[in-house]
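Visitor: structure, please.
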Amino acid sequence: MRFAKWHGAGNDFLLFLPEDGQDLERRLPALVPFLCHRRLGIGADGVLLLVPQGPAHVRLVYFNQDGSRAAFCANGARCAAAFLRRRLGLSQVLLDTDFGPVPAVVGEAEVTLQLPPPQPVTGWLELPVGTTLWRGFALTVGVPHLVLPVAWSDFWSHPLAEAPALRAHPLLGPEGANVHFAQTQQGQLGLRSYERGVEGETLSCGSGAVAAAWVAMAEGWLAPPVVVRTASRRVLTVAPQGKNFREGLQLSGPAEPVAEGEVAAELVSLAR
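Guide: Numbers count the residues shown, from 1 in each chain. Alright, predicted model coming up:
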């Protein structure tokens, strides 16, 4: 099995084309936890399988670090588009995701996705966790997100001790949600993300950045375009596709190659 590893603002992924191994779509779910293990595998937040459907048209299948399938991963989609430019020479591509069709444009320094508006938008919820009542905004950008405004003087080092309980809070339904702690900082939006399927903090979450920026625009915290600073300290930019951010958004940010290689047969055999 051949693989490529990329990261989008610190959110890292292993990418595969069908030609990189035998029957990958069937075999990958069982392999993903071994491939993504930070000590015993290659290490990644998730795995992407890119299945060509025609000229500049690719079906994108995304697996979380634990092997579960997710409808969408925005940073993963940006990495997939950049990978396709390097492997197949495509500077524009339509990505078919379980969220819907997502056009992507690959520039020299950034990849930009055109996204439909969040749907559904649940709105503000009050979520008790222990003795603390959290107030968060729930909405879906392919996958569910909970955006929690905070005012921490130690924002980037503040412990996220209650994140696991919030991620699986009963008020969010059986699937729970990705949890994002957001704070305005000198005209930007600082964002820390605790993701489902990883069950831990990641350095960046693209769809979470879109969700948090949408809330920031809707609530009047920041005017568009919204610059989102992630835990990796790299930035993502969320802007309306037209005049109204409620009609669709675009997400722009870096997608950077890390490595290419071959998965050891011994690692693949662990999933049998």
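
Visitor: Gly95 reaches Val58, doesn't it?
Guide: Gly isn't right for residue 95; it's Leu. Yes: counting by C-beta atoms under 8 Å, Leu95 touches Val58, with 5.8 Å between them. (Glycine included, C-beta is placed from N, CA and C.)

Visitor: in contact with Phe137, which residues?
Guide: Shown in contact with Phe137 (C-beta atoms under 8 Å, 6 or more residues apart in numbering): 122-125, 146-148, 215, 219.

Visitor: just the buried ones from those, in PyMOL syntax?
Guide: Applying 16 or more other C-beta atoms under 10 Å to the contacts of Phe137 leaves a buried subset, and the PyMOL line that selects it is:
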select buried, resi 122+146+147+148+215
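
Visitor: and of the contacts of Phe137, the nearest to Phe245?
Guide: The nearest member of these to Phe245, counting by C-beta to C-beta, is Val215 at 10.7 Å.

Visitor: what comes up buried for the helix or strand containing the closest one?
Guide: Using DSSP states H and E, Val215 sits in helix 206-218. Neighbour counts over helix 206-218 (16+ other C-beta under 10 Å) mark 206-217 as buried.

Visitor: re the thing from before, need the overlap of contacts for Leu95 and Val58.
Guide: By C-beta under 8 Å, 6+ apart, the residues touching both Leu95 and Val58 are Ala80.

Visitor: with neighbour numbers in mind, choose between those two.
Guide: Leu95 (25 against 22; other C-beta atoms under 10 Å).

Visitor: how about the helices in the stretch 151-272 of the chain?
Guide: Taking DSSP state H, counting those that start in this stretch to define them, one finds helices in the stretch 151-272 of the chain at 163-167, 206-218, 265-269.

Visitor: so which of these gets nearest Gly242?
Guide: Taking those one by one with C-beta to C-beta, helix 206-218 is closest: 13.4 Å.

Visitor: for that closest one, packing partners?
Guide: The contact analysis (3 or more C-beta pairs under 8 Å, 6 or more residues apart in numbering; DSSP states H and E) places helix 206-218 against helix 74-88, strand 132-141, strand 143-149, strand 178-185, strand 188-195, strand 226-229, strand 235-240, strand 249-253.

Visitor: now it: average pLDDT?
Guide: Averaged over helix 206-218, pLDDT sits at 98.

Visitor: may I have that helix as PDB, with CA atoms only?
Guide: Extracted in PDB, the C-alpha atoms of helix 206-218 (Å, rounded to 0.1, in the frame of the first residue of the first chain):
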ATOM      1  CA  GLY A 206     -11.700  23.100   9.100                       C
ATOM      2  CA  SER A 207     -15.400  22.500   9.300                       C
ATOM      3  CA  GLY A 208     -15.200  23.700  12.900                       C
ATOM      4  CA  ALA A 209     -13.500  26.900  11.800                       C
ATOM      5  CA  VAL A 210     -16.400  27.400   9.300                       C
ATOM      6  CA  ALA A 211     -19.000  26.800  12.000                       C
ATOM      7  CA  ALA A 212     -17.300  29.100  14.500                       C
ATOM      8  CA  ALA A 213     -16.800  31.800  11.900                       C
ATOM      9  CA  TRP A 214     -20.500  31.500  10.900                       C
ATOM     10  CA  VAL A 215     -21.500  32.000  14.600                       C
ATOM     11  CA  ALA A 216     -19.100  35.000  14.900                       C
ATOM     12  CA  MET A 217     -20.600  36.600  11.900                       C
ATOM     13  CA  ALA A 218     -24.200  35.800  12.900                       C
END
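
Visitor: now the angle from it to strand 235-240?
Guide: Using axes from the mean of the first three to the mean of the last three C-alpha atoms, to 10 degrees, one finds that helix 206-218 and strand 235-240 are set 50 degrees apart in direction.

Visitor: how far off centre is helix 206-218?
Guide: Averaged C-alpha coordinates place helix 206-218 at 12 Å from its chain's average position (C-alpha atoms, centre = their mean, to the nearest Å).
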